[in-house]
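Asks: Quick one, what's the 3D model for this:
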Amino acid sequence: MHELKITMLGPSGVGKTSLLTAMYEQFESNIGKTNLQLTPDLDSSALLQERLAELKNLPDNFETKGWMQNTEDYKSFFFELGKKGAKPSLTLNFQDYPGEYHGSKSPREEKERIENFVNESAAVIIAIDTPALMEKNGQWHDSINKPQMITNIFQRAYRELDSPRLVILAPVRCEKYLQNEQSISELMNQVKIGYTKLLEDFKTEALLSKVAVIVTPVQTVGSVHFSRIEMNGNNPLFIFRKTSHDAKYNPKDSEQPLRYLLRFLLKLHIDKKHWSLFNFIREWVGLDNHLKDAVREFAKGCKANNGFVVLQGDNLLNID
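Replies: You can find the predicted model right below:
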C-alpha cells in the first residue's frame, strides 16, 4: 500500500494533536454521501480515542495547555484511505512530535529529524495558537507560535524542491475570532502579518509554482470562547470558557485540511507532468474511477470564504 506523509508542525502546546484528533473525528460526519472511508490503525485509533475523550470533557474554565496532555514522543498516526467496503489503497501517515523538540535545549538530531519530516512530507499543517496571535497585538505570538523558527525549517527543508507541496496554515482555538466579517478579516490580516517572512519565501521564484499555501481556521472544540489572560510570572495563561455550562464538544471545519489535502492529490493525478514525482498517484486513482470520483466529490467541499483562503498555488489545486 502506498504511503503519503503529512507533518503536523508547531511548538509545544499550540494544538497539533488536538487538531489531528478533531480532523479525524469530524471526517465521518462530513463525508456525506461520498464513497470514501478513512480508518486509523489499531494504535492510532486507541490514542485518538483517549485524546477525543479529553476534548469532550473539558472543564468550564481551562488554560491553553490544559486542553490535552502534551505529546511525549514522536508518534505516527496511520490512516488507511479507500472506498467503503473495499481494500484501502493509500495510507496517510500524520507525523506528530513533542513541541519541546524545537527548544534550544533539545538535541540537534531532534531538530534535524523534524526538518526531515517536513522535507519528506507532501503536505505540512502548521497549527497556530490563535489567541497568542491575536491578543494584546500579538504580544506572545513570537514566543508561543515561533514563526521565525517555522520559517527557518522551511528554508532548509525546501531547498531545491523537486515536487509540489501543500502548506496549510491552521489557526486553532479561533472560535472568538470567527464571529463576524470584521473579526474574520482581522484574523486573516494577523495571519499574514505574523507569518510575513514565511509567506514571502514561498512567493520566491524557486517556490511560487511548487508550493500551494492555504489558510484553514479550525474550531477544534467549537463550544468554547477565549475569555482572558492571566499571568503566571512572565508566562501568560490563556483562559477559555464554555459557551454554556452544558455545552457539548462541537468542532467546526476540522475536516477542511483533509479536503484540501485530497484535492491537492487529485490535482497531481490530473496533471500528468507530476507523475514522475508522485508516480503512485497514477496507480492510486488512475485504476479506479469510482475512487477518483469519491475524492473529487469530497474535495468539492473545500471552503473558500469566511476565513478560508488560498494564498498561492491555485494551479496546484484546481480540479475543475
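Asks: can you tell me how far V309 sits from E28?
Replies: In this view, V309 and E28 are 26 Å apart by C-beta to C-beta, to the nearest Å. Placement of C-beta: from N, CA and C, glycine included.
Asks: Neighbour count for those two, which is higher?
Replies: Each of V309 and E28 has its neighbours counted (other C-beta atoms under 10 Å); V309 has more, 17 against 11.
Asks: Not counting residues beside it along the chain, what's closest to that one?
Replies: V215 (5.1 Å; C-beta to C-beta, 6 or more residues apart in numbering).
Asks: since we're on that neighbour, how many residues are nearby?
Replies: V215: 20 surrounding residues under other C-beta under 10 Å.
Asks: was I right about it contacting Q312?
Replies: No - counting by C-beta atoms under 8 Å, V215 stays clear of Q312, with 11.0 Å between them.
Asks: which SS class is the nearest residue to W140 once chain neighbours are set aside?
Replies: Nearest residue to W140, sequence neighbours excluded (C-beta to C-beta, 6+ apart): A132, at 4.6 Å. Secondary structure for A132, judged by DSSP: H, G, I helix; E, B strand; the rest coil, is helix.
Asks: buried ones in the helix or strand hosting S185?
Replies: Assigned by DSSP states H and E, S185 falls within helix 181-194. Buried residues in helix 181-194, counted by 16 or more other C-beta atoms under 10 Å: 184, 187-188, 190-191, 194.
Asks: Using JSON lines, lay out the residues you listed together with pLDDT and distance to F238.
Replies: JSON lines is the format used below for the buried residues of helix 181-194 (pLDDT from 0 to 100; distance: C-beta to C-beta, whole Å):
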{"residue": "I184", "pLDDT": "96", "distance to F238": "20"}
{"residue": "L187", "pLDDT": "97", "distance to F238": "16"}
{"residue": "M188", "pLDDT": "97", "distance to F238": "21"}
{"residue": "Q190", "pLDDT": "97", "distance to F238": "16"}
{"residue": "V191", "pLDDT": "98", "distance to F238": "18"}
{"residue": "G194", "pLDDT": "97", "distance to F238": "16"}
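Asks: hmm, back to that, ok, and what's touching the helix holding S185?
Replies: 128, 130, 133-134, 138, 141, 145, 147, 169, 171, 174, 176-178, 199, 215, 217, 306-307, 309, 311 (C-beta atoms under 8 Å, 6 or more residues apart in numbering).
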